[in-house]
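Q: Fold the stuff below for me.
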Amino acid sequence: MIHLDKQDLLLLFDKELRRDLQSPGYQREENEYLVRHVSMHGDRGFIIHSNLNEDNARNVIQEEINHFNRLGVGFEWKVYSYDKPEHLKGILEEENFSIEPRESLMVLEIKDLQPHSHWDEQTYIKEIEDEKGIREIISLIDTIWEESHEELGDRLWRDKQNDPESLFLYGIYDENQLVSAAWMYFEKNSSFASLWGGSTLPNYRGKGYYSSLLSVRANKATEKGYRYLTVDASPMSKPILEKHGFLCLAYSYGCQSPEPPQS
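A: A predicted model of the protein is given here:
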């Protein structure tokens, strides 16, 4: 099996998780400029891949705003640091998109995962499969970030019901209290499993829970035959992931559209 370098990994990621992505619960729509995903359940949509230039960027962006306005939902335009034109993020900001903090696109070939010395999976990590557990995850995230993630909870529970083998969720409990949680999607027709979450209550940080949740998900991905893990990492998570062997391939920005006008 060939060991890919950073550039080849980025090309593979770009093809499988941007240009060709099939996301559960979303209708994939492609034109000559971009790949758009429209929710089948009235949730926010997203644009995951685009190929624009200086001449057409503003017109295409306005067309997408109009398209999602007609649907009555907002959307995220995901911008990566290698996208064209080079100042795409700035153009979106000028078009009244709100730009979320920079994240690092991290990828790991699972066989290169550095061992985690504090991992004791059986003792305190629980796989979460029911709606009650998913609502506990959302309550945990709401507490940490001080904002509502109800739509995320609805989507996780819907995806877990519709295709239980595509989504695995894990929590760490102190007695009956959920104190840390993370989940993972197995992407269709892809070499990548994508990691999400990794949130821990402040009083429980520094105990290796993030790394423990990483390890249990890596094991599950190996069991399912996936070769790579990928995650959009916050500045807090990036050094932990680097310690475990993840490579930073690029940077990403979630750019949130202006809210559609109320009808």
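
Q: In a strand, residue 73, correct?
A: No: according to DSSP: H, G, I helix; E, B strand; the rest coil, the state of residue 73 is coil, so it is not within a strand.

Q: is it true that it touches residue 39?
A: Yes: under the criterion of C-beta atoms under 8 Å, residue 73 is in contact with residue 39, at a separation of 6.9 Å. For the C-beta atoms, the positions are set from N, CA and C on the backbone; glycine is no exception.

Q: what sits in contact with each of the two?
A: residue 45 (C-beta atoms under 8 Å, 6 or more residues apart in numbering).

Q: Hmm, residue 108 and residue 249 touching each other?
A: No: between residue 249 and residue 108 no contact is recorded; they are 10.6 Å apart, counting by C-beta under 8 Å.

Q: Doesn't residue 198 lie inside a helix?
A: No: using three-state DSSP, the assignment for residue 198 is strand, not a helix.

Q: What sits closest to the residue positioned nearest the centre of the chain if chain neighbours are left out?
A: Per C-alpha atoms, centre = their mean, the C-alpha nearest to the average position across the chain is that of residue 196, at 5.4 Å. Nearest residue to residue 196 in three dimensions, chain neighbours excluded: residue 183, at 5.1 Å (C-beta to C-beta, 6 or more residues apart in numbering).

Q: Quickly note the distance from that neighbour to residue 11.
A: Between residue 183 and residue 11 the distance, using C-beta to C-beta, to the nearest Å, works out to 27 Å.

Q: Where does pLDDT dip in the stretch 101-250 of the chain?
A: Along the stretch 101-250 of the chain, the parts satisfying pLDDT under 70 run over 114-123.

Q: Name the residues that touch stretch 130-150?
A: Around stretch 130-150, the neighbours that count as contacts under C-beta under 8 Å, 6+ apart are 126, 128, 152-153, 156-157, 160, 169, 171, 178-181, 183, 197, 199-202.

Q: Could you pick out the buried ones from these?
A: With burial judged by 16 or more other C-beta atoms under 10 Å, the buried subset of these is 128, 152-153, 156-157, 160, 169, 171, 178-181, 183, 197, 199-201.

Q: Distance of the nearest residue to residue 62 once chain neighbours are set aside relative to residue 230?
A: Nearest-residue entry for residue 62: residue 95, 7.1 Å, with adjacent residues in sequence omitted and distances by C-beta to C-beta, 6+ apart. Distance check for residue 95 against residue 230: by C-beta to C-beta, it reads 28 Å.
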